[in-house]
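**Q** I would like the atomic coordinates for the input below:
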Amino acid sequence: MKKIAIFDPAMCCSTGVCGPSVDPELTKVAINLGILEKENIEVARYNLSTEPQEFVENSVVRQQLDEHGEQALPLVLVDGEAVKVGDYPTAEEFSEWSGIEKKKFSAEPKSQFTILE
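**A** Okay, here's the model as predicted:
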């Protein structure tokens, strides 16, 4: 079984729905990780601010951080191998790595949030 892990930079949450504005990129990633889980793909997501030990204990992550600093984040590993550095995956990449057809993935967030003042 494939395992896809995302190592996020330090942030208050990985969903993109905290703070004064919603980050559609983080929302899209969260949706796509949910799709992977439903398809029985093992997924993990680590946040530097809340799970720093995961970054220290993983030699691939440590190497990328040594080489690129925080610019390496977000970092995506598939089966323990770095496949994307410094950016979140696209629907095409999730499809390629998982073997699940691209049309199942969200290229855009499924819902837009409006912040009322």
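**Q** could you point out which element follows the worst-scoring helix or strand of the chain on mean pLDDT?
**A** Taking mean pLDDT, DSSP states H and E as the measure, the chain has helix 24-38 as its least confident helix or strand, at a mean of 92. Toward the C-terminus, helix 24-38 is succeeded by strand 42-47 as the next helix or strand (DSSP states H and E).
**Q** strand partners (parallel or antiparallel) of that following strand?
**A** Partner strands for strand 42-47, per DSSP bridges, with pairing direction: strand 3-8 (parallel).
**Q** so where's this structure uncertain?
**A** By pLDDT under 70, the weakly predicted segments of the chain are 13-21, 108-117.
**Q** just give me the residue closest to the centre of it.
**A** Compute the mean C-alpha point of the chain, and by CA atoms, centre = their mean the closest residue is Ile6, 4.1 Å away.
**Q** quick check: bridge partners of it?
**A** The residues listed as beta-bridge partners of Ile6 by DSSP bridges are Arg45, Val76.
**Q** verify the stated contact: it with Pro74.
**A** Yes: with contacts defined as CB atoms under 8 Å, Ile6 counts as touching Pro74 at a distance of 5.7 Å. Where C-beta positions appear, they are placed from N, C-alpha and C, glycine not excepted.
**Q** common neighbours of those two, please.
**A** Tyr88 (CB atoms under 8 Å, 6 or more residues apart in numbering).
**Q** quick one: the helices in this structure?
**A** Listed in chain order, the helices of the chain (DSSP state H) span residues 24-38, 52-57, 59-68, 91-98.
**Q** can I get the ones you listed in CSV with distance to Lys2 and mean neighbour count?
**A** Conversion of the helices of the chain to CSV gives the following (distance: least, CB to CB, whole Å; neighbours: other CB atoms under 10 Å):
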stretch, distance to Lys2, mean neighbour count
helix 24-38, 8, 18
helix 52-57, 19, 12
helix 59-68, 16, 14
helix 91-98, 6, 18
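**Q** could you dump those helices into TSV with distance to Ser106 added?
**A** Shown next, in TSV, are these (distance: least, CB to CB, whole Å):
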stretch	distance to Ser106
helix 24-38	5
helix 52-57	25
helix 59-68	26
helix 91-98	7
